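Asks: got a predicted model here, sequence first, then my questions.
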Amino acid sequence: MREYLRPLVQTDPARPSRAMTLAGGWAWFTHVEIVSRDRPAVVVPASEIDAARLVPFVSPRPTVAGLTMDRPRIMGILNVTPDSFSDGGKHLSTDSATAAAMAMSAADIIDIGGESTRPGAATVPAEDEIARTVPVIAALRASGLIQPICIDTRKAAVADQALAAGAALVNDVSGFTFDPALAPLCAARGAPVCVMHAQGDPETMQENPHYENVLLDVYDFLNTQIGTLDDLGIPRTRIVADPGIGFGKTLEHNLALLARLSLFHGLGVPLLLGASRKRFIGTLSGVSQPDQRMPGSLAVALAALKHGTQFVRVHDVPETAQAIALWRASVAGSADG
């Protein structure tokens with residue numbers, strides 16, 4: 001029977017002397033939940049757990065694309081697509097995309113995607129994706145953008161040209177299962193990556209998704225993929241993991257993952273949550289228009305930070321930056337956060 005550990009994360013300023021710092025970040029824990037597939041979960045003091053099993057939870061995370069992991073990081077979304085669910089068609093020209101990126105000055109990293117991965121979206125040919133993204137990346141680098149750029153793609157051909165144009169990180173929503181050439185390319189180029197869980201591809205992923213245990217099934221997938229990437233030459237020090245909210249998951253699946261996000265710190269890598277403006281937020285809030293889901297998106301982002309999640313991927317960058325600054329100050333009881 002395999003057991004999984006989930007730290008019960010806290011951020012209270014009254015911290016016990018026995019508390020353990022989570023992943024070198026802003027949160028801590030004194031207890032863990034022991035979870036398995038065939039027994040009820042139990043909570044025990046972390047001091048009762050063998051120290052070797054706690055190493056993935058307490059080891060500080062290394063920098064990713066030049067970003068330290070000791071504070072929350074914002075990944076700003078820039079879709080250069082005609083059909084993304086929230087902002088499709090808004091940034092099709094290089095000038096408009098550049099202006100949008102410059103307006104995300106509060107973001108720590110900019111995520112550029114040229115293929116919509118909304119439910120029902122069809123696969124875009126690599127040459128079209130390259131034509132949409134690479135000129136924008138080159139223009140941003142030429143304009144003096146200081147933030148690192150992430151290329152959101154499933155395809156090696158796209159990543160190759162994006163990295164050459166100035167991208168620093170590859171974010172693959174298929175978890176490196178779509179194009180077998182992508183991981184070796186990232187290994188050869190020394191590029192950090194984000195590996196995400198998705199059940200099925202975007203065109204079919206919301207057709208009756210099913211899991212035996214969504215929390216543990218997603219964890220096992222990510223753990224396996226991280227091991228595979230490591231074997232291919234991408235060490236854990238260059239990997240970020242994303243549980244893939246909304247990708248082949250029902251409302252109940254999404255909420256189960258959000259409630260126990262801290263489990264994924266056991267992977268030993270930084271975590272990213274991308275829930276901004278997604279359908280489940282509209283379902284729970286009664287807001288049908290994606291671009292009106294900013295308040296709900298902020299609530300989910302702050303909940304993720306409570307679990308020690310290092311990256312939040314968002315559309316509404318200035319609002320998220322303000323919310324995080326106030327959340328950190330309020331939790332710490334200090335303007336220094």
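Replies: Structure received.
Asks: every contact and neighbour count from this point should use C-alpha atoms.
Replies: Will do.
Asks: where does the stretch 151-300 of the chain dip in pLDDT?
Replies: Flagging of the stretch 151-300 of the chain using pLDDT under 70 yields the residue ranges 202-205.
Asks: so where does the closest residue to D201 other than its chain neighbours fall, helix or strand?
Replies: Beyond its immediate neighbours in the sequence, the residue positioned closest to D201 (CA to CA, 6 or more residues apart in numbering) is S174, lying 7.4 Å away. Of the helices and strands defined by DSSP states H and E, none includes S174.
Asks: give me the number of residues near S174?
Replies: Around S174 there are 22 other residues, counting by other CA atoms under 10 Å.
Asks: doesn't A183 make contact with it?
Replies: No. The pair S174 and A183 does not pass the contact test of CA atoms under 8 Å, sitting 11.6 Å apart.
Asks: can you give me every residue that contacts the most centrally placed residue in the chain?
Replies: Taking CA atoms, centre = their mean, the centroid of the chain lies closest to L272, which sits 2.3 Å from it. Taking CA atoms under 8 Å, 6 or more residues apart in numbering as the contact definition, L272 lies against V240, A241, D242, P243, T309, Q310, F311, V312, R313.
Asks: if we use 6 Å, what do you get?
Replies: With contacts defined as CA atoms under 6 Å, 6 or more residues apart in numbering, L272 is in contact with D242, F311, V312.
Asks: so can I have CSV of the residues you listed showing distance to I74 and neighbour count?
Replies: Listed next are the contacts of L272 as CSV, based on distance: CA to CA, whole Å; neighbours: other CA atoms under 10 Å:
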residue, distance to I74, neighbour count
D242, 14, 26
F311, 6, 25
V312, 5, 25
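Asks: could you measure the residue nearest to the centre of the chain against S297, distance?
Replies: Summarising the geometry, the distance separating L272 from S297, computed by CA to CA, to the nearest Å, is 14 Å.
Asks: equivalent analysis for R154, please.
Replies: 25 Å.
Asks: which residue ranges form the helices in the stretch 201-337 of the chain?
Replies: Assigned by DSSP state H, counting those that start in this stretch, the stretch 201-337 of the chain shows helices spanning 214-231, 251-259, 279-285, 294-306, 317-332.
Asks: send the alpha carbons of the longest one over as CSV?
Replies: C-alpha atoms of helix 214-231 as CSV (Å, rounded to 0.1, in the frame of the first residue of the first chain):
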residue,chain,number,x,y,z
VAL,A,214,-8.2,12.4,-9.1
LEU,A,215,-5.7,13.7,-6.5
LEU,A,216,-3.5,10.7,-6.5
ASP,A,217,-4.0,9.9,-10.2
VAL,A,218,-2.8,13.4,-11.2
TYR,A,219,0.1,13.1,-8.7
ASP,A,220,1.2,9.8,-10.1
PHE,A,221,1.1,11.1,-13.6
LEU,A,222,3.2,14.1,-12.8
ASN,A,223,5.7,12.0,-10.7
THR,A,224,6.1,9.6,-13.6
GLN,A,225,6.6,12.4,-16.2
ILE,A,226,9.1,14.2,-14.0
GLY,A,227,11.1,11.0,-13.7
THR,A,228,10.9,10.5,-17.4
LEU,A,229,12.1,14.0,-18.1
ASP,A,230,14.9,13.6,-15.6
ASP,A,231,16.0,10.4,-17.4
